[in-house]
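**Student:** I'll drop the sequence and a predicted model, then ask my questions.
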Amino acid sequence: MTTAISVSGLVKQFGTTRALDGLDLTVRAGEVHGFLGPNGAGKTTTLRILLGLLRADGGSVRLLGGDPWREAVNLHRRLAYVPGEVNLWPNLTGGEVIDLLGALRGGLDLKRRTVLLERFQLDPAKKCRAYSKGNRQKVALVAALASDVELYLLDEPTSGLDPLMEAVFQGVVQELRDAGRTVLLSSHILAEVETLCDRVTIIRAGRTAESGTFDELRHLSRTTVAVETRRPLGTLRELPGIHDVRVDGTRACFSVDPDELGGVLRHLVEFDVRSLTSSPPTLEELFLRHYEDGAAAQAAPGPGGAR
Amino acid sequence: MSALTGTVALTRLAFRRDRVALPAWITGLSALMAAFAAMTVGALATEQDVIHETEFMAGNPALRMLGLASGPTVGGYAMIRSHVTLAILAVLMSVFAVVRHTRQSEATGRSELVGSAVVGRYGSLASAVVVTVAANAVLAVALGLALIANGQPVEGSFVAGASIAGVGLVFTGVAAVTSQLSSSSRGANGTAVAALGFAFLLSGVGNMLGSVDTSGLRVVSAWPAWLSPIGWGQQMRPFGGDHWWPLILFAASFIVLLGIAGALAARRDFGRGLLREQPGPADARPGLLSPLGLIRRLQRGAVRGWAIGMLGFGLVFGAVSGSADDLEGSAREWYRRMGGTDEIADAYLTSIVSMAAMAIAVCTVQLLLRVRAEEPEGPLESVLATAVSRPRWAVSQVLSTWLTAAGLLLLFALGMGLTAGQVLGDTAGQLRGLTGAVLAQLPGIMVISGCVTAAVGVLPRWSVPVSWSVLLASILLGPLFGPTLNMPQWAQNISVFTHAARAPAAEVTAGPIAVLTVISLALVAAGTVSFRRRSLVLPA
């Protein structure tokens, strides 16, 4: 089996709100797949449908070769889930919750449990009501990551973690990838997705906006260039494929469409370049551009977002 | 800097924060008082009506739990009907206010801001108490005015107001103590409300076991009523003697409780209760590791409380079973009808068994809704994302609840059998008879919990009000109140308790038991199937 998750044309309606509006998502077995979108784009709703907790109103969903609504129990033995908002039982300890969720899933790797508790520096003897948000998230993470399963569904798993713990988390996910496991990581933290993910799906207002590897997605974006020359730069605006130009005598800053970069550089050389820095588009910019474009399109009435 | 430094400033802050909430409570309670009074004035037009209705309230043991008759006056009758309700609301107003300004402020970190300023150790407690006592003082006057506005005697009206606000005053002290003990506001409120439940039980049992004087219009309470602040309020007997002296009991217990709260406050750390959050086990015991294990753990606290309550209920009512023979008039008539036999001892036992069954039905609704809360509050998401099927989850909670109900019935039978055996003789026989009698009540309780399961499956968003409404209707239309309230037979037949066995007064027949069991299983099946087929209602 090469496809772990395949979703097409997924629709979910909450009352009058269309939370998902024809979403497509394909996750290959063995990859770490980023699921990116702003709050309310429909990430959590998608994951809950993948788990059979919510019923889809339209479209098709396959997960590990099965139908998550009909075969939830059998599929759940093969996956682990970290919910976006970790709600636990206030009077159970973290250790009890980890053991309980592990047992209900069908077993826990006790050695991994010990190691993960150590790495995440979590005290399992505390009652859940005494944990901070980050620590509750760690409980859910240890419970999920200590299970030996094929697929991990993680819904914004690092939103409460400090940078140190985020690094620990990234290390653990790298190990899962090396071990050939599949991970679907929903997030709005781009740096995290950029470090961890092989491929990414960007979702906006319940629809897939973009999907592919980072290289593929970067073709869609512009390179940012900062340049300083000996001779004053003329106006650059009429060059093809150039955007956001700011010229200040011998300094300039702009962005260029990937296909026009060569032409622009040839033009710059004539002004005797002293220094030049170019940065590849970060996912951040890619992301922002998507939402700026989207926001313009959204100015016309469209479906409201929901999680 | 003294321990009370900053109290004035904090009190002003507390008044400002409560400038809407407390006036709203006081206005609402006064309006309720006025409505009760106006209703009574309208309904009891003649002296004859007043005597007749008061006699009825005095003579009926079940209704005596709800109010104390103090003679034939319109105002007195209004107080029989309203005192407990208003006292409970006054207590809730006071408890919430105290906890809001002490424990809750600490939990949300507000008082950390304030505490770093020039504020003494007792500052926040003192300001909470000042505000709440002031609210109760205003409440006493407002309630009195509400009665006077309805043409009631002035002194009685203010005695009535004080008899309600006095209960609020005592529980201001109780809440001051519980907010030192517990480290969460939920815990502080919960402990205080549990104390309220206990106070209600004591006054209710005291009145129920009391005796009616020769006029048949005035109940003399038994000793348990004197252990309860609600009982003290009733003993002020507004419009029927107008005693002011129980105010001393209110004031004295308030001062003692405040002293305890102060002593506790001096011994605890900021942000924590005296009952520390103990670290628990780092690993789960095997008993927890199943849906049933988790559900039993979630229900554990409530089940413990109910177990103590039902055992006590059985012990107390068994102990007084001998006095049933002395009952006369309408009280005897009530037991005869409730028990369905002229044999008064059996009629009494049957009535109490029936009441216990209703109490345990309340418990099952509470337990099932406790587990139901896992869905909107979120933890259920994690459970159902594992290999636990929804039918397994639904059936586990029903099973756990039914087992609890059976256990509580048996505990009650044990308590009642032991003491009734002492009074009536033949303890072994009593235990045997009562065990059979209580187990025959189980199918009716199962139907009520089946209704809850069906409601959760079919109408998840409305399951809480629907469940409590079904329960309340079943109790009101059932044999405890239905005949007394002159409900038509078809309406009484809606209540499952109308169809429950009447043992030991009558033989238990298999027919109704089988039918009720089948209905309960069908309801559970319907609820489980709907729960399987719908989307979960999870937090956003």
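**Tutor:** Nice, thanks for sending it over.

**Student:** Would you map the strands across chain A?
**Tutor:** A:3-14, A:17-28, A:32-36, A:58-63, A:79-82, A:151-155, A:182-187, A:199-204, A:207-213, A:223-229, A:242-248, A:251-256, A:273-279 (DSSP state E).

**Student:** In the second one, which residues are buried?
**Tutor:** Applying a neighbour-count criterion of 16 or more other C-beta atoms under 10 Å in any protein chain shown, the buried positions in strand A:17-28 are A:18-21, A:23, A:25-27. The C-beta positions use only the backbone N, C-alpha and C, and glycine is treated the same way.

**Student:** Out of the helices and strands in chain B, which is least certain?
**Tutor:** Least confident helix or strand, chain B: helix B:110-115 with a mean of 61, by mean pLDDT, DSSP states H and E.

**Student:** circling back to that earlier point, between the buried residues of strand A:17-28, which is nearest chain B?
**Tutor:** For the buried residues of strand A:17-28, the minimum distance to chain B (C-beta to the nearest C-beta) is 10.3 Å, reached by residue A:19.

**Student:** I figured that closest one hits residue A:12, correct?
**Tutor:** Yes - counting by C-beta atoms under 8 Å, residue A:19 touches residue A:12, with 4.8 Å between them.

**Student:** quick one: common contacting residues for those two?
**Tutor:** With contacts defined as C-beta atoms under 8 Å, 6 or more residues apart in numbering or on different chains, the residues adjacent to both residue A:19 and residue A:12 are A:42, A:45, A:206.

**Student:** how about CSV for the residues you listed, with neighbour count, pLDDT and distance to chain B added?
**Tutor:** Shown next, in CSV, are the shared contacts of residue A:19 and residue A:12 (neighbours: other C-beta atoms under 10 Å in any protein chain shown; pLDDT from 0 to 100; distance: C-beta to the nearest C-beta, whole Å):
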residue, neighbour count, pLDDT, distance to chain B
A:42, 27, 92, 12
A:45, 25, 95, 10
A:206, 28, 90, 15
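
**Student:** Out of the residues you listed, which is nearest to residue B:357?
**Tutor:** residue A:45 (44.2 Å; C-beta to C-beta).

**Student:** measure the closest residue to the closest one other than its chain neighbours to residue A:55 for me?
**Tutor:** Distances taken as C-beta to C-beta, 6 or more residues apart in numbering or on different chains place residue A:19 nearest to residue A:45, at 4.7 Å, with adjacent residues excluded. Using C-beta to C-beta, to the nearest Å, residue A:19 is found at 12 Å from residue A:55.

**Student:** The residue of the stretch 51-200 of chain A found nearest chain B: what's it in contact with?
**Tutor:** Closest to chain B within the stretch 51-200 of chain A is residue A:87: 3.0 Å, counting by C-beta to the nearest C-beta. Residue A:87 is in contact with B:377-379, B:381-382, B:539, counting by C-beta under 8 Å, 6+ apart.

**Student:** near chain A, which of those show up?
**Tutor:** Residues of these in contact with chain A (C-beta under 8 Å from any C-beta of the partner chain): B:377-379, B:381-382, B:539.

**Student:** Go ahead and build a PyMOL selection from the buried members of those.
**Tutor:** Selection of the buried residues among those in PyMOL, burial being defined by 16+ other C-beta under 10 Å:
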select buried, chain B and resi 378+379+381+382
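
**Student:** which one is the residue of the stretch 351-500 of chain B found nearest chain A nearest to, not counting chain neighbours?
**Tutor:** Going by C-beta to the nearest C-beta, chain A is nearest to residue B:378 of the stretch 351-500 of chain B, at 3.0 Å. Counting by C-beta to C-beta, 6+ apart, residue A:87 is the residue found nearest to residue B:378 once chain neighbours are left out, at 3.0 Å.

**Student:** Report all helices and strands that the helix or strand where residue B:411 lies contacts.
**Tutor:** Take DSSP states H and E as the rule and residue B:411 turns out to sit in helix B:390-424. Using 3 or more C-beta pairs under 8 Å, 6 or more residues apart in numbering or on different chains; DSSP states H and E, the elements in contact with helix B:390-424 are helix B:291-319, helix B:344-372, helix B:379-384, helix B:427-439, helix B:442-458, helix B:510-533.

**Student:** So for residue A:111, which of those helices sits nearest?
**Tutor:** Ranking the helices and strands packed on helix B:390-424 by proximity to residue A:111 (C-beta to C-beta) places helix B:379-384 first, at 22.7 Å.

**Student:** tell me the mean pLDDT over the closest one?
**Tutor:** Regarding helix B:379-384, the rounded mean pLDDT is 95.

**Student:** just checking, what packs against that helix?
**Tutor:** helix A:94-105, helix B:390-424.
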